[in-house]
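Participant: sequence first, predicted coordinates after that:
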Amino acid sequence: MLKDLLLIDIETVPIVENYEQLSPEWQILWWNKIGKSTPENTTPAESWKNKAGILAEFGKIICISTAYFYEDNNRVQNLKVKSIYGDDEITVLKEFIALCNKMYKHNKQFYFGGHNIKEFDIPYICRRLMINELPVPEYLWLHDRKPWEVKMFDTLNWWKFGDNKNYISLHLLATVLKIPTSKIDIDGSKVQEVYYKEKNLQRIVEYCQRDVIVCANIILRYKALPILKEQQVSITT
């Protein structure tokens, strides 16, 4: 049921801007982690800029956009979007868990939705909770459950249709399904630069919100329902 879904999308950056800012110990840990999988002649500093933000051991979450469906008085689907963001990751994580706890209290059947959240967003959030010594709620302890026990609406997995070799970006999936894309300003590869060089977190938040709205429209397409019009989306500040 759409009413049980909490859609999420996260934006992440490296814990420090440059590889040289790491302590010698962490420089070694980084290269041990990534060195064997990097193209030949790639320096540790280059690999840091390219990969650190997507690895939870070396990155941090700066924004989590959430959204949920609700019906208006005419039983038309609407979407409410709320973003939690900031430079202090612990505060971001605490506020996100507080939001999830509130939803869980009122609906024990709620489950997460998003694009590639099974392989990226949810594990990243759980790892960062552990690293920051924050408790991982029961509804996020998914690692020891059987596959059919994990209820999650992952638009990437749905698009695979059993073909586990297939990968598709949110941008491509939206384009082939004729859904307006979120990549009108920046894309994921630019988030680090916008955060550290431009220091423009609000621009990243707006991008993250567009992603979660696109994902909502993809889910509606999967359900053979009309996609959202602009007036059907509200953003809570």
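Facilitator: The structure has been received and is ready for your questions. Numbers count the residues shown, from 1 in each chain.
Participant: switch to C-alpha atoms for all contacts and neighbour counts from now on
Facilitator: OK.
Participant: longest helix in the chain, by number of residues?
Facilitator: helix 201-222 (DSSP state H).
Participant: ok, residues contacting that helix?
Facilitator: Defining contact as Cα atoms under 8 Å, 6 or more residues apart in numbering, one finds that helix 201-222 is touched by 7-11, 63-67, 81-83, 85-86, 114-115, 155, 170, 174, 177, 179-183, 185-187, 191, 194-195, 226-228.
Participant: measure Leu156 to Pro180 for me?
Facilitator: The gap separating Leu156 from Pro180 is 17 Å, by Cα to Cα, to the nearest Å.
Participant: now, the contacts of helix 201-222 that are in helices?
Facilitator: Reading helices off the contacts of helix 201-222 with DSSP H, I get Thr155, Leu170, Ala174, Val191.
Participant: count of neighbours near the last one?
Facilitator: Translated: Val191. By other Cα atoms under 10 Å, the residues close to Val191 number 23.
Participant: in this structure it contacts Val13, no?
Facilitator: Yes: with contact defined as Cα atoms under 8 Å, Val191 counts as touching Val13 (7.2 Å).
Participant: re earlier: okay, Leu156 and Pro180: which has more neighbours?
Facilitator: Legend: neighbour count by other Cα under 10 Å for Leu156 and Pro180, higher for Leu156 (21 against 15).
Participant: ok, the more buried one - contacts?
Facilitator: By Cα under 8 Å, 6+ apart, the contact set of Leu156 is His115, Asn116, Tyr167, Ile168, Ser169, Leu170.
Participant: most neighbours of all those, which one?
Facilitator: Neighbour max across these (other Cα under 10 Å) = His115, 28 neighbours.
Participant: now do the longest strand anywhere in the chain: which elements does it pack against?
Facilitator: Longest strand of the chain, by residue count under DSSP state E: strand 59-71. With contacts defined as 3 or more Cα pairs under 8 Å, 6 or more residues apart in numbering; DSSP states H and E, strand 59-71 has these neighbours: strand 5-14, strand 77-85, helix 89-106, helix 122-131, helix 201-222.
Participant: would you format these as CSV with mean pLDDT and distance to Glu57 included?
Facilitator: Output for the helices and strands packed on strand 59-71, formatted as CSV (pLDDT from 0 to 100; distance: least, Cα to Cα, whole Å):
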stretch, mean pLDDT, distance to Glu57
strand 5-14, 97, 9
strand 77-85, 97, 19
helix 89-106, 96, 13
helix 122-131, 97, 8
helix 201-222, 96, 21
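Participant: among those, which comes closest to Leu29?
Facilitator: Closest approach to Leu29 among the helices and strands packed on strand 59-71 (Cα to Cα): strand 5-14, 14.3 Å.
Participant: who does that closest one pair up with?
Facilitator: strand 59-71 (antiparallel), strand 111-114 (parallel) (DSSP bridges).
Participant: ranking those by burial, who's on top?
Facilitator: Stretch with highest mean neighbour count among the strands paired with strand 5-14: strand 111-114 (a mean of 25; mean count of other Cα atoms under 10 Å).
Participant: for that one, list the C-alpha coordinates in CSV.
Facilitator: Taking C-alpha atoms only, strand 111-114 is exported to CSV below (Å, rounded to 0.1, in the frame of the first residue of the first chain):
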residue,chain,number,x,y,z
TYR,A,111,8.5,0.2,5.0
PHE,A,112,11.1,2.1,3.0
GLY,A,113,11.0,3.0,-0.7
GLY,A,114,13.6,4.5,-3.0
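Participant: which other residues reach it?
Facilitator: 4-9, 151-155, 212, 215-216.
Participant: widest-spaced pair of those?
Facilitator: Maximum pairwise distance among those (Cα to Cα): 18.6 Å, between Lys151 and Val212.
Participant: of these two, who's got more company?
Facilitator: Set side by side, Lys151 and Val212 show unequal neighbour counts under other Cα under 10 Å, the larger going to Val212 at 27 against 13.
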